[in-house]
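coordinates only, sequence not included:
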């Protein structure tokens, strides 16, 4: 029973990290749309590729 608790805690931790990455990607996307620079576009592309 105790092992199951750790498993659920890991899932919650991973889902929080994933949600944080989603906000990070959306923030970068909005910034890139409003002020497009080549370095920002390449950084965003790398982040999205790593995320997928």
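Perfect, I can see it now. In this text, all values refer to a predicted model and were calculated from it rather than measured experimentally.

now do the buried residues in the worst-scoring helix or strand of the chain on mean pLDDT.
Across the helices and strands of the chain, mean pLDDT, DSSP states H and E gives its lowest value to helix 2-34, namely a mean of 77. Judged by neighbour count using 16 or more other Cβ atoms under 10 Å, the buried positions of helix 2-34 are residue 28. In this view, the C-beta of every residue, glycine as well, is placed from N, C-alpha and C.

tell me what it is packed against?
helix 38-51 (3 or more Cβ pairs under 8 Å, 6 or more residues apart in numbering; DSSP states H and E).

need the residues that contact the helix it packs on.
Residues lying outside helix 38-51 but in contact with it, judged by Cβ atoms under 8 Å, 6 or more residues apart in numbering, are 21, 24, 25, 28, 29, 31, 32.

what's the distance between the least confident helix or strand of the chain and the middle of its chain?
6 Å (Cα atoms, centre = their mean, to the nearest Å).

that one to helix 38-51, inter-axis angle?
Following axes from the mean of the first three to the mean of the last three Cα atoms, to 10 degrees, one obtains 160 degrees for the angle between helix 2-34 and helix 38-51.

any idea how far the spatially most central residue of the chain is from residue 46?
Centroid check for the chain by Cα atoms, centre = their mean gives residue 21 as the closest residue, at 1.6 Å. Residue 21 sits 13 Å away from residue 46, going by Cβ to Cβ, to the nearest Å.

roughly how far does residue 31 sit from residue 24?
Applying Cβ to Cβ to residue 31 and residue 24 gives a distance of 11 Å.

wait, residue 36
For residue 36 relative to residue 24 (Cβ to Cβ), the value is 18 Å.
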